[in-house]
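In: quick one, fold the following:
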Amino acid sequence: MKIADLIAWFEAWANPAWCESWDNCGWQIEPGILPEKARVLVCLTPTLAVMQEAIALNANLIFAHHPLIFNPLKSLRTGEAIAEMVRLAFSHNIGVYTAHTNFDQVQDGTADVLAQILELKEVTPIVLTQAGLGYGRVGLLEPFLTLQELLATIQTRLCPPNLIFSPTPDLQETISRVAVLGGSGASYISAVAKTGAQAYLTSDCKFHQFQESRDRNLILIDAGHYATERPACDRLVQKFQSLNLDWVQLSQKDEDFRQFFA
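Out: Predicted coordinates:
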C-alpha cells in the first residue's frame, strides 16, 4: 500500500477535521513520500530517538499520536530538537504524521482501547462529539470489582510506573461503573461525575483535581500519560498490519518521560 492510500484510509476513519482548534493533526513533515510503499513506525511521541530508530529500520513514515509541531514555530535553529527532526526527515525521506484529538474520539481510538483493556460493557462516550463518537468512555464492570481489585487490574494491564488514586476509607468498596480517558483528562472530571461513574482512570492530574474528585464522590485514578495512551499505538499497529503494508512496527524507542525514584 502506498503512503497516500494509507493516509486516505486512516482519514476516512479518523478525520483530521475533527481535531480541536488548539490541536495540530495530520501531516507534520511530508518530504514527497506519498507515492512510496508504506514502511511505518508507530509511536506515541515523535522524538529524535524515534527518528533515529526509523532511519535504522529504513522506515519512511513515523505515525505518531502526539504532534511534533504543537505551537507555531518562530525559527528552526541548529541544536534544537524539532529543527534536527526536520533536517533528518528531509535528508532521509521520512514523513511524520500525527493523529491526536481525532484519534481520541473514534472507535478503537485511545479511549476505546482503555475501555477494552478493562473489559467495560455498555460503553458510551463521556462527552459526545458526534453520532457514536466522543471523548472518553464510561461503562460497566462485569463482574463488579472492589476498588483494590480494580487498582490491581490497572497496575497489571497497563504497568504504570506509579499509580495514584484519591484518598478513600474503603479499598473493599464495590466498583461497578468506571470512566476512562487516555492522556490528560482531568478537565473532564465534572462531565465524568454526571455519568454516575464511581472511578475515573486518566492521567496528568493535579493536587486540587484530586480534591475536586473527592468532593464529587469520584475516585480519581492517575496511571500516567504514557501508560494510558501507549496501548492505542499498539492497536494501531494491529490495524495497519491488517492492511498488508510492506512493513509496520511499534517503536521500541518511544518512552515515558517521567521516572520515579524508588
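
In: quote the end-to-end distance of stretch 92-104.
Out: Stretch 92-104 has its terminal residues 30 Å apart, counting by CA to CA, to the nearest Å.

In: right, I mislabeled it, should have said stretch 215-234
Out: 36 Å.

In: one more: stretch 30-49?
Out: For stretch 30-49, the first-to-last residue distance is 19 Å (CA to CA).

In: quick one, helices of the stretch 101-250 of the chain?
Out: 101-105, 110-117, 147-158, 189-193, 207-215, 225-241 (DSSP state H, counting those that start in this stretch).

In: and those helices as JSON lines, adding distance to Leu44 and mean pLDDT?
Out: C-betas here are computed from N, CA, C, even on glycine. JSON lines is the format used below for the helices of the stretch 101-250 of the chain (distance: least, CB to CB, whole Å; pLDDT from 0 to 100):
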{"stretch": "helix 101-105", "distance to Leu44": "11", "mean pLDDT": "98"}
{"stretch": "helix 110-117", "distance to Leu44": "10", "mean pLDDT": "98"}
{"stretch": "helix 147-158", "distance to Leu44": "13", "mean pLDDT": "98"}
{"stretch": "helix 189-193", "distance to Leu44": "23", "mean pLDDT": "98"}
{"stretch": "helix 207-215", "distance to Leu44": "23", "mean pLDDT": "95"}
{"stretch": "helix 225-241", "distance to Leu44": "5", "mean pLDDT": "97"}
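
In: can you list these in a markdown table and add distance to Val123 and mean neighbour count?
Out: As requested, these are exported to a markdown table (distance: least, CB to CB, whole Å; neighbours: other CB atoms under 10 Å):
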| stretch | distance to Val123 | mean neighbour count |
| --- | --- | --- |
| helix 101-105 | 14 | 25 |
| helix 110-117 | 5 | 24 |
| helix 147-158 | 16 | 17 |
| helix 189-193 | 14 | 19 |
| helix 207-215 | 21 | 15 |
| helix 225-241 | 15 | 20 |
